[in-house]
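Novice: sequence and predicted structure are below.
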Amino acid sequence: MFKIPPVSAARLPELLRAMPKAELHIHIEGSLEPELIFALAQRNGLQLPYASVAELRSAYAFCNLQSFLDIYYAGASVLRHEQDFYDLAHAYLARAARDRVLHAEIFFDPQTHTARGVAIETVIDGLHRACAEARTGLGISATLILCFLRHLSEKAAFETLEQAEPLLDKIVGVGLDSSEQGHPPEKFARVFARCRERGLHLVAHAGEEGPPAYIWSALDVLRVERIDHGVQAVHDAALMQRLAHQRIALTVCPLSNQKLCVFPSLAQHNLGRLLDAGLAATVNSDDPAYFGGYINENFTQVFAATGLTARQAYQLAFNSFEASFAGNADKRLWQHQLKESFERFVEHDY
Ligand code: HPA
Ligand SMILES: [Zn+2]
């Protein structure tokens with residue numbers, strides 16, 4: 001890595017906002033802002049159990065993953081038509097582009113929608129159209145990762161994969177999300193093996209609230225390439241060594257961890273410790289409409305709370321490109337743009 005001089009705390013937020021980055025952990029349903037929930041409810045003739053945007057927002061008080069998920073699935077119920085999914089993804093991509101996200105790998109939960117009678121092609125076609133248009137329209141590259149809901153059965157996951165089969169050219173990989181505790185990765189070993197045969201990339205949420213054992217089995221049983229969250233790895237020294245040696249990326253989401261009480265406070269977040277141990281950590285927003293901020297807010301708040309440095313900012317952004325499923329030519333170009341943005345910033349700083 002080239003030499004990065006210290007940057008004053010006052011100017012660090014500016015650097016964090018201006019630096020090119022990739023976002024690898026964003027649930028598109030978690031970017032559904034209350035305003036859009038109300039607009040879509042009206043467009044689709046649906047009655048919401050909240051009188052106003054403010055009343056809905058005031059219901060966003062969580063103390064763990066499950067209490068969040070209950071509200072998150074309820075919010076997603078206003079998504080009915082292909083245009084709804086397009087509008088949702090377009091809104092996120094426009095917002096991400098303003099945060100200097102050059103590339104996004106977007107999670108979606110088809111089972112949340114197919115359970116309500118929405119066809120999987122309605123979901124995938126709408127999201128994919130927004131991603132395809134964003135490349136020229138917004139100058140951002142975006143791909144889709146289909147997530148299986150782990151609180152549902154292996155059989156339901158296989159059915160979802162079967163429904164998605166004709167649309168697999170529109171997704172880059174599969175993931176595993178929803179309620180972690182009591183739903184170990186092993187439950188989905190066979191469906192992940194099938195996805196691997198299909199040439200899909202594999203990721204899974206593990207070690208958000210769940211134990212390090214779930215990270216081990218995500219790696220060894222599911223054979224995933226990245227771990228989503230993974231912050232509980234610090235409780236297992238052998239696992240930390242393995243993650244560091246194999247450069248297995250963790251997609252860390254600081255504001256999500258704060259809002260779901262994974263850490264007592266943001267100041268106690270272990271992102272710095274993960275980086276110090278040589279892990280390929282990245283910073284992401286998870287569910288920005290629910291957790292109080294998009295990717296740049298995650299960067300600026302966790303840096304302010306824990307005292308991370310400009311050098312670590314560079315490392316995090318570099319990791320985000322390295323860990324992405326984009327082609328090598330794109331990765332190198334983006335990493336070059338990252339280096340240039342730091343050089344420009346430093347030149348003006350001194
Ligand atoms: O943070 C999360 N964890 C698990 N499932 C999820 N679905 C949306 N966000 C999350
Ligand atoms: Zn997540």
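Specialist: Looks like it came in fine. Ligands and ions are numbered 1, 2, ... in the order given.

Novice: C-alpha from now on. contacts and neighbour counts both.
Specialist: Fine.

Novice: show me the strands in the chain, by range?
Specialist: With DSSP state E as the criterion, the chain has strands at 21-27, 101-108, 141-149, 173-177, 201-206, 226-229, 249-252, 281-283.

Novice: out of the ones you listed, flag the one nearest ligand 1.
Specialist: Checking the strands of the chain against ligand 1 by Cα to the nearest ligand atom gives strand 173-177 as the closest, at 4.0 Å.

Novice: hmm, back to that, and the strands of the chain as a markdown table, adding mean pLDDT, distance to residue 53 and mean neighbour count?
Specialist: Formatted as a markdown table, these follow (pLDDT from 0 to 100; distance: least, Cα to Cα, whole Å; neighbours: other Cα atoms under 10 Å):
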| stretch | mean pLDDT | distance to residue 53 | mean neighbour count |
| --- | --- | --- | --- |
| strand 21-27 | 98 | 21 | 27 |
| strand 101-108 | 98 | 24 | 26 |
| strand 141-149 | 98 | 28 | 24 |
| strand 173-177 | 98 | 27 | 23 |
| strand 201-206 | 98 | 30 | 26 |
| strand 226-229 | 98 | 29 | 27 |
| strand 249-252 | 99 | 29 | 26 |
| strand 281-283 | 99 | 28 | 29 |
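
Novice: and the ones you listed as CSV, adding distance to residue 11?
Specialist: Listed next are those as CSV, based on distance: least, Cα to Cα, whole Å:
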stretch, distance to residue 11
strand 21-27, 18
strand 101-108, 20
strand 141-149, 28
strand 173-177, 36
strand 201-206, 33
strand 226-229, 28
strand 249-252, 23
strand 281-283, 19
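
Novice: tabulate those strands (CSV), appending distance to ligand 1.
Specialist: Shown next, in CSV, are the strands of the chain (distance: least, Cα to the nearest ligand atom, whole Å):
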stretch, distance to ligand 1
strand 21-27, 6
strand 101-108, 9
strand 141-149, 8
strand 173-177, 4
strand 201-206, 6
strand 226-229, 8
strand 249-252, 10
strand 281-283, 13
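
Novice: looking at the ones you listed, which is closest to residue 340?
Specialist: strand 21-27 (12.8 Å; Cα to Cα).
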